[in-house]
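Structural data only, the sequence is not supplied:
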DNA sequence: TCATTGTATATGTCTTCACATATACTTGTG
DNA sequence: CACAAGTATATGTGAAGACATATACAATGA
């Protein structure tokens, strides 16, 4: 299970509660490569404890609910290292948007361009967030910092290339529509896509 | 549900059995944007029938198991069009490989380079398959054919850009390793990545 | 003062997906 | 002739993920 190993990874860096894993790790650090909801994190922690990969001790608090601090065990570290060195199969290609596009031939011109433009703007937003994260990222030259930056770079490169593809698609579709109902002379076409903005969001 | 809508899309093009959906559509046509196993397809068809989006009639066969041919209903067509025009949320960023990379700081140099190289070779293989599919693709200029090619292009552009990123990562990591234990003079380093081959597989 | 936000864990339930197995007959291959 | 592969549908089971809700108290703010 990938989530279990992500949790082991964070706990190897520092002992933490489920709440901290959720708010500090998965909602920020891991945001660009793995997301998980709270319920899943708590249940995965239970499973890891049963398998002996983590241990927990409860810290009493008066004014707050008790904290259950999880630590990784030697067996957990071993499992993490073993898993990290084993090539993972490629994640399956599975994108609802491409289903929509594949079967969009009965959509109106407006609807067709709309879903593509919406997708572009959502992607640009994602890229903006990633760029902001990259900007605030520590500038370390250690293995750890470099690895960290590399994963951010993967997500950014992915978003960037998707946006470029979307712009190409938008142009292809505009040409097609233009060709199907030629614009009357003097009428300015508004269908053409703006090219990718290298510097930031256009939305 | 995305799978249900993909099925509606294929059935809108032609009435079919679950078996044909699996072998002809999902194992080939939809391979690059949605995969589904047989059990899931059959169960989703049941659900679609209950909701009135498809109907089925059984064709007796003497020498073979009976065929249950599914057809899309007007309600199904309506549902498909409605869904296709509704912008879908971005699929979550979730890649086990990036978890591995993020927590790979304790891996040996060999293991680290190995998982990245394996990933590159798997991606190149995926790209080769996509290119082969694109080559055998019909060359139509109709909306349908263009949409079809566009989805293939999305998958190819994704694979292509991922490979480029992996090559960059490989170089970054090689530099890092080189820097951590400098090569003795006269010793040829084998750590550097080959640049992306524009024409095909290097694996 | 009342409502919201933050800290903290836990459970219930549903959907989607993955993997295995059962059944049954035919055709093609070694 | 035996065995594998192809045609065809169906069920069982479990893991993973999504979403909702319960509990409990403190601090902050309108």
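Thanks, I have it. Remember, predicted model here, so these are calculated numbers, not experimental data.

can you tell me how far residue A:96 sits from DNA strand C?
Look at residue A:96 and DNA strand C: by CB to the nearest atom of the strand, to the nearest Å, they are 9 Å apart. Using the backbone N, CA and C atoms, a C-beta is placed for each residue, glycine as well.

again, but for residue A:22
7 Å.

Does that residue touch residue A:41 like I think?
Yes - in this structure residue A:22 lies within contact range of residue A:41 using CB atoms under 8 Å: 5.4 Å.

show me what contacts the residue most central in space within chain A?
The geometric centre of chain A, computed from its C-alpha atoms, lies nearest to residue A:32 (CA atoms, centre = their mean), at 3.5 Å. Taking CB atoms under 8 Å, 6 or more residues apart in numbering or on different chains, we find residue A:32 in contact with A:130, A:133, A:151-152, A:155, B:93, B:98.

Narrow those to those in helices?
Applying DSSP state H to those, the entries found in helices are A:130, A:133, A:151-152, A:155, B:98.

which ones among those come in contact with DNA strand D?
Among the ones in helices among the contacts of residue A:32, no residue sits close to DNA strand D (CB under 7 Å from any atom of the strand).

how about the residue nearest to the centre of chain A, secondary structure?
coil (DSSP: H, G, I helix; E, B strand; the rest coil).

list the buried ones in stretch A:53-71?
Taking 16 or more other CB atoms under 10 Å in any protein chain shown as the basis for neighbour counts, the residues of stretch A:53-71 that come out buried are A:53-54, A:56, A:67-70.

quick revisit: for the residue nearest to the centre of chain A, give its distance to DNA strand D.
Noted for residue A:32: a distance of 15 Å to DNA strand D, by CB to the nearest atom of the strand.

Between the buried residues of stretch A:53-71, which has the least confident prediction?
Looking at the buried residues of stretch A:53-71 by pLDDT, the weakest one is residue A:67, with 92.

Now that one. Nearest residue, chain neighbours left out?
Here the nearest residue to residue A:67 in space, its sequence neighbours aside, is residue A:59; by CB to CB, 6 or more residues apart in numbering or on different chains that works out to 4.4 Å.

what's the neighbour count on residue A:113?
Taking other CB atoms under 10 Å in any protein chain shown as the criterion, the count of residues near residue A:113 is 18.

right, is the one helix or strand it maps to up against chain B?
Counting by DSSP states H and E, the element that carries residue A:113 is helix A:109-135. Yes - between helix A:109-135 and chain B, judged by CB under 8 Å from any CB of the partner chain, the touching residues are A:111, A:114-115, A:118-119, A:122-123, A:126.
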